[in-house]
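J.: please find the sequence and the predicted model below.
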Amino acid sequence: MAGLFSRRGFNIESLAVGTTEDSDISRITIVVDGDDYVVNQISLQLYKLVDVIKVQDLCKTDYVGRELVLFKVAFNSSNRDDIMHIIEIFRARVIDVSRNSMVIEATGDLEKISALEELLRQFEVLEIVRTGLVSLERGDKILKDYEEEINDDKNVL
């Protein structure tokens with residue numbers, strides 16, 4: 001899939017893949033920077049892949065999205081309390097501590113994660129790893145509803 005995008009000049013900002021409530025189906029959340037034309041072209045390319053069930057532009061719906069990020073930050077006795085205060089404000093948590101560094105875990109929307117990163121950068125950030133955005137459409141509609149719509153459309157053809 002990444003090769004399909006790169007061959008056509010589309011830049012993926014984030015790609016997250018995981019299993020769903022149905023072990024035979026994986027959900028892929030892709031974040032790309034582009035206008036409606038770019039998003040439409042990406043959708044058309046994805047539908048060419050055999051196993052794609054549904055492509056949905058969540059920016060056109062009401063959705064919730066979250067990302068997980070881990071920061072490894074160096075600390076010393078003079079800045080430890082400042083770092084801990086920032087962590088508390090962002091409802092992040094320390095998941096590992098060594099003599100001179102700590103690993104901080106945070107989840108949230110892209111704005112929250114970016115704001116936390118910006119504040120932690122005033123200290124010595126040693127490493128960052130981000131999962132990429134995962135998201136779901138708000139409301140009662142679920143993936144199975146889309147499968148039924150698609151199967152109904154196939155039966156009409």
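T.: Right, received. Where do you want to start?

J.: distance check, the residue nearest the centre of the chain against residue 32.
T.: Geometric centre of the chain, nearest residue: residue 133, 0.9 Å, by C-alpha atoms, centre = their mean. Distance of residue 133 to residue 32, computed by C-beta to C-beta, to the nearest Å: 11 Å. The C-beta positions use only the backbone N, C-alpha and C, and glycine is treated the same way.

J.: stretch 83-102: which residues count as buried?
T.: For stretch 83-102, burial by neighbour count (16 or more other C-beta atoms under 10 Å) applies to 83, 86-87, 90, 92, 101-102.

J.: can you put those in a markdown table and add pLDDT?
T.: Converted to a markdown table, these look like this (pLDDT from 0 to 100):
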| residue | pLDDT |
| --- | --- |
| 83 | 97 |
| 86 | 97 |
| 87 | 97 |
| 90 | 97 |
| 92 | 97 |
| 101 | 97 |
| 102 | 97 |
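
J.: looking at those, which one is closest to residue 23?
T.: Residue 23 has its nearest neighbour among the buried residues of stretch 83-102 in residue 92, at 31.5 Å by C-beta to C-beta.
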